[in-house]
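Novice: The following comprises the amino acid sequence and a computationally predicted model.
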Amino acid sequence: MILEIQDVELAFGGVHALDGATFGIDEGQIVGVIGPNGAGKTTLFDCISGFRRPDAGRIVYEGADLVSRPAHDRVALGIGRLFQQAKLWPSVSVRDIIRTAQHRSLKAGFFRSVLGIGGAAAEERRAARNADEALELVGLSAHADKPAMELSTGMLRLCEIAAIVSVRPRLLLLDEPSSGIAQKETEALLPLLRRLRDTLDATVLVIEHDMPLVMGLADRIVAMAEGRVIADGTPAQVQVHPEVLQSYLGTRAVPA
Amino acid sequence: MTEFLSTLPGGIVTGAVYALLAMGLVFTYKATRVPNFAYGALAALVAFFHYSLVTGRHVSFHLNVLFVHLNPGWTVRLPFWGAVFASLAFAAVAGLVIERFIMRPFARAPMVTHILVTLGLMLLVSALAQQWFGANDLIVPNDQAIFPRTSAFALGSVKVSWEQVGVIGLVLAFGAALYWFFRYTETGLAIRAAATDRDVASLQGVSVRRLSLISWVGGTMTAGLAGIMLASLVVSSNPSTLVLLSIKGFAAAIVGGMVSFPIGVVAGFAIGIAGEIIRHYAAHANSTIFVGADEIVTLGAVVVVLALRPKWIFKGIREDEDAGVLARSAGVDLAIGRWIDPVEAYRLWRASTGGLISPAVWTWVKRVFPFVLGALALVFPFLPLPEFWTFPLNLAFIYLLVVLSYVVLVGWLGQISLALGAFIAVGGAGAAIGANTLHLPFPLPILTGVLLSIPVSVLVGLPALRLRGLHFAVVTLAFALVAERAIAPHFVGTANVLVKPSYLSSDRPLYYVFLVLTAATFAFAARISRTKTGRAFRAVRDSETVAAAYGIQPTRTKLTGFVVSGAIAALAGTMVAYELGSVQTGYASVLFSITWLAYAVVAGITSLAGPLIAAVLWGLLPALSQGEVHAAKISHWPEVSAAGLLILIMAFNPQGLASMARFLRTRVSAHEEEPDEDLRAIEAAASEERPKVGAPA
């Protein structure tokens, strides 16, 4: 198990966004998280990547509890996060975004890096090389010098994926990779995400509303509703799970 | 006890004026979400207008067309209260003009744009006030005081004057009227609604534009009333003292989170009373050590309150403080973009012409330019130039570093600090300590000056950098005011002349010292920009949240930038000390900091070319064009032009003049490339909509 979510609870005022969510992920799996709006999926990602602190429960990553670690530390531990709305630095060029994303793997301190001594120059070159490779992987090399604000939503997505790839995370959190982009793009996304997992050899946790995409991508599906896990199994199992159908359609499935 | 009590009336009455200023600021902020840094300048402008009407103002003009020769002139003089009404009408018109012609395009601009634009407005208004009314102090004699200065009554041995009673009464009446306005009128209710959520309010049929107009007119009239009272209370003032006094009103408003009238009013009174008591005892202590102690205590208290971050302050905080400051996406968000989107216009222009200079040529020019410049700089003193050029040339190096300091902090890191002058003072003080107290040989005092700035940066930066945007700007403003009033006086003037070796007594050797220091600092800054520190700066500037998601610690990054920028300013301070003997008050002042911030933004705050442009345009040219003859006459045109340009540039392109160069060199690229199959599909699908990157969620 690379990640275990144990009884995580988080309330905003009277709203229980997470209400005892529990599940675990094995190394190398692609796990899809589905559920209606307000099921607590993004809040769960926020807890895993450290932007929110759960009221109760444990988040165990590679055997250690994450809850008290700050967000920027978790990047160093190998947790990469893709936001629901592509969030990048608008005025920074694509190539520099990917270099900036590797901040944590450049070890040189302020003076060493500014003066380019003690291996700092080699580190910078490595970061530049990683950036070029990552851009190659997602096919953005031609746009490397454009600032992020000049990219379309789909290209921003790719840029963000490249940024995450360049830090070589072991656990990848993807929050609705298909949101805000058109159907055609979504179809292109599936092979790309698969290729990503294979190249990185990473574990992937993906929130997705696009059912064909997530069912085609994931090895396993976790369905959430009202802050709890209501179903957990293969895509085929979850698709016919009565509680899942109820939470999506509001009625119990009539057995055929 | 009696002595203590005797300070109270003065304290209460000053506090009342601060409270009034705070109310006006909160009024504007509630309705428009604009923190009006021009507030004090507007107060000063109206006060000067008023007293020039009271003493009599000579109005004349010349008309000389063909056979018509007219030269009418008459003196306008109004009785005191008549002048008050005329001045408030003038204030209303000023507010109307400012709202309609300056602020309206910025209705939806990000916070940092609002800060920069109102700072520009402040420079513009205070320069205009000085241009129209002269730089002489405004002295309000007894017969022109707002209320008679005669004793109204006495409580024991504490005398209270009619002026004090009257001012307190006016402020209380104004507060009551404001309370009634917000409580019982439809407009007041609309403003409260808009303060909570502008979008929801406008969906409910509230005209946000009308509220903006009302609040600017009302806010400027309040500022004018406060200015008239302040000028009468302090007896002798000039535009800059009134601007500085009004910073206290700003401090009070921000303690109330910019939205709370009661907290702002209480804070205003507290700042006024505490300041008066401390000033009284400091004056009695008979030691120059206590000069400015009141500033340290009152503004220090404001900083402490802000740093403790009580919930009420951040209740009214704007959501967009995380958005990229000078990111061009800000330009897209400006309302003016609806008519002419600058980014779109730029893109279209580029697509149609393909740019003027090819990228390869540009890269080459960029590589060679520093060397050409360096070679020129080396031989400059030997060129046959007029004698008086040497001094302005040396000063130009100082301006280069001053603007570079802003480039690092504002342009790269996105933090608006107004404490630059304070760091210049710190650098000068450090050099003086090194040379005069520690008797260090020549290059070392420069080092002590720079080193001294580091602990100061950390001390100020640690609490200040927990805050963002507006709050950070106000905390640094408070620190700058403390430095100007309480710290700099101890290091300024003839008593602190720097001991320097005899070979540095003329301008030419200093020129080369400055050249080496400046070149080294620019090389250092260029390296920062190209390596991981510079990238972390820009990441934090564009979005702290995303920066943290990629493992960049925002606070640590901001502190690094603050220290670097402070050290550069301190280096400039040591240079001032070597050039002029000691740091003159002018360099350590808040106004100097704000003026050069405006120059820096106009010249290009994100680029290393910016300092060069600014130093030449506003450091070198004015000095050279005035030459020896006019050196004594101070012109306000540099400030006025820069402030006007600042506002224009914020409206059209937040990246400043330096980006014009980029504008010339960029070629169309998107149309020439052949993206691979996969991507073309993605692009085609996504080209329907433009993303609004960095816009607040």
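Specialist: Great, that's in hand. Fair warning: this is a prediction, and the values are worked out from it, not measured in the lab. Residues are numbered from 1 along each chain as shown, chains lettered A, B, ... in the order given.

Novice: Provide a list of residue ranges in the stretch 1-150 of chain A with pLDDT below threshold.
Specialist: Residue ranges of the stretch 1-150 of chain A with pLDDT under 70: A:84-87.

Novice: Tell me where it has strands.
Specialist: Applying DSSP state E, counting those that start in this stretch to the stretch 1-150 of chain A gives strands spanning A:3-12, A:15-25, A:30-34, A:56-61, A:64-65, A:79-82.

Novice: which of the ones you listed sits most buried?
Specialist: Among these, strand A:79-82 has the highest mean neighbour count (mean count of other CB atoms under 10 Å in any protein chain shown), at a mean of 26. Using the backbone N, CA and C atoms, a C-beta is placed for each residue, glycine as well.

Novice: wait, which of the strands of the stretch 1-150 of chain A is closest to residue B:30?
Specialist: Distance to residue B:30, taken as CB to CB, is lowest for strand A:3-12 among those, at 26.8 Å.

Novice: rewinding a little: show me the one of the strands of the stretch 1-150 of chain A that comes nearest chain B.
Specialist: Of all those, strand A:79-82 sits nearest to chain B, with 5.6 Å by CB to the nearest CB.

Novice: Run through who's touching the closest one.
Specialist: The contact list for strand A:79-82, computed with CB atoms under 8 Å, 6 or more residues apart in numbering or on different chains, reads A:45, A:48-49, A:61, A:157, A:160-161, A:164, A:167, A:169-175, A:177, A:202, B:549.

Novice: Now render the strands of the stretch 1-150 of chain A as TSV, adding distance to residue B:148.
Specialist: Shown next, in TSV, are the strands of the stretch 1-150 of chain A (distance: least, CB to CB, whole Å):
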stretch	distance to residue B:148
strand A:3-12	59
strand A:15-25	62
strand A:30-34	76
strand A:56-61	69
strand A:64-65	73
strand A:79-82	69
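
Novice: Just tell me which of those strands ends up closest to residue B:456.
Specialist: Comparing the strands of the stretch 1-150 of chain A by CB to CB, strand A:79-82 comes nearest, at 37.3 Å.

Novice: Can you show me the strands along the stretch 151-256 of chain A?
Specialist: A:171-175, A:203-207, A:220-225, A:228-233.

Novice: Relative to residue B:553, which of those strands is closest?
Specialist: strand A:171-175 (20.2 Å).

Novice: For the residue sitting nearest the centre point of chain A, report the pLDDT, please.
Specialist: For chain A, the residue nearest the mean C-alpha position is residue A:173 (1.9 Å; CA atoms, centre = their mean). We have a pLDDT of 88 for residue A:173.

Novice: Let me know whether it touches residue A:47 as I believe.
Specialist: No: look at residue A:173 against residue A:47 with CB atoms under 8 Å: they stay out of range, at 10.6 Å.

Novice: For chain A, what's its nearest residue on the stretch 1-150 of chain B.
Specialist: In the stretch 1-150 of chain B, no residue comes nearer to chain A than residue B:110, which is 11.5 Å away by CB to the nearest CB.

Novice: how many neighbours does that residue have?
Specialist: 27 (other CB atoms under 10 Å in any protein chain shown).

Novice: One more: residue A:184?
Specialist: 14.

Novice: on contacts alone, who are the packing partners of the longest helix seen in chain B?
Specialist: Taking DSSP state H as the criterion, chain B has its longest helix at helix B:2-32. If contacts are counted by 3 or more CB pairs under 8 Å, 6 or more residues apart in numbering or on different chains; DSSP states H and E, helix B:2-32 sits against helix B:39-55, strand B:158-161, helix B:162-184, helix B:186-196, helix B:208-234, helix B:239-255, helix B:261-284.

Novice: Is it possible to get TSV of these that adds distance to chain A and mean pLDDT?
Specialist: As requested, the helices and strands packed on helix B:2-32 are exported to TSV (distance: least, CB to the nearest CB, whole Å; pLDDT from 0 to 100):
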stretch	distance to chain A	mean pLDDT
helix B:39-55	30	88
strand B:158-161	51	80
helix B:162-184	28	88
helix B:186-196	18	80
helix B:208-234	26	87
helix B:239-255	27	81
helix B:261-284	25	85
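
Novice: want to throw the ones you listed into JSON lines with mean neighbour count?
Specialist: Rendered in JSON lines, the data for the helices and strands packed on helix B:2-32 read as follows (neighbours: other CB atoms under 10 Å in any protein chain shown):
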{"stretch": "helix B:39-55", "mean neighbour count": "27"}
{"stretch": "strand B:158-161", "mean neighbour count": "16"}
{"stretch": "helix B:162-184", "mean neighbour count": "16"}
{"stretch": "helix B:186-196", "mean neighbour count": "17"}
{"stretch": "helix B:208-234", "mean neighbour count": "24"}
{"stretch": "helix B:239-255", "mean neighbour count": "26"}
{"stretch": "helix B:261-284", "mean neighbour count": "20"}
